[in-house]
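Colleague: Let's see this in three dimensions:
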Amino acid sequence: MLRFAFTTSFSFGGLQGSFLSPSTQGATKKDHRYVLRRNSQCSANSVFEALKQPGVSAPGAPAAKEGFTPRIVLSGGNPISQNVNSSTRTIVNTTLQGHTFYPGTVAITVRSNGTGSSIEIVGTGSGNNPLVNDAIGELFFGQSARVAAETCGSGNYYTPVHGG
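Modeller: Predicted coordinates for the structure are as follows:
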């Protein structure tokens, strides 16, 4: 039985996220999970369309197509399957054997909220190198969420402050 010892959360430039760290007692150290959330002033439909663009739904992926695609080979020769459901605004990427982070999934969901939309990205898996998987997943999918959230020019940007 997997037990999680603690949750690490972060917030940076409008991106909020957390990941669960597995306990060392009775847990498989290879299991992992990360969650990224970002709000946008853009409509849920426009954000979802942005997430379907080439290279956004997964590293090196072609434009995401409605329905189930059994095999897509990503950057680095990493194969996934992908299921796109526009009615629920969900993209689910599942790693296939031969992928660096096999086995695992990344579920991307866009929901309407009162002021625009929210993006939630959940990565889970039990493959090798869970910390590297989480770090790369958070970097790539965090960037994808940022790009999609800004698709309508909402001004939902991280702006660094420069001294003067």
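Colleague: chain center to stretch 141-153: distance?
Modeller: Between the mean C-alpha location of stretch 141-153 and the chain-wide mean there is a distance of 11 Å, by CA atoms, centre = their mean, to the nearest Å.
Colleague: Please identify the buried residues of it?
Modeller: In terms of neighbour count (16 or more other CB atoms under 10 Å), stretch 141-153 has its buried residues at 141-142, 144-146, 148-152. To be clear about C-beta, it is placed using only N, CA and C from the backbone, and glycine gets the same treatment.
Colleague: Can you redo those residues as CSV, where the extra columns are distance to Gly125, pLDDT and secondary structure?
Modeller: Below are the buried residues of stretch 141-153 laid out as CSV (distance: CB to CB, whole Å; pLDDT from 0 to 100; DSSP: H, G, I helix; E, B strand; the rest coil):
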residue, distance to Gly125, pLDDT, secondary structure
Phe141, 13, 96, helix
Gly142, 17, 94, helix
Ser144, 18, 94, helix
Ala145, 19, 95, helix
Arg146, 23, 94, helix
Ala148, 22, 94, helix
Ala149, 25, 93, helix
Glu150, 28, 91, coil
Thr151, 28, 86, coil
Cys152, 32, 82, coil
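Colleague: Phe68: neighbour count?
Modeller: Burial measure for Phe68: 11 neighbouring residues, criterion other CB atoms under 10 Å.
Colleague: and the helix or strand it falls within, what does it pack onto?
Modeller: Using DSSP states H and E, Phe68 sits in strand 67-73. If contacts are counted by 3 or more CB pairs under 8 Å, 6 or more residues apart in numbering; DSSP states H and E, strand 67-73 sits against strand 79-85.
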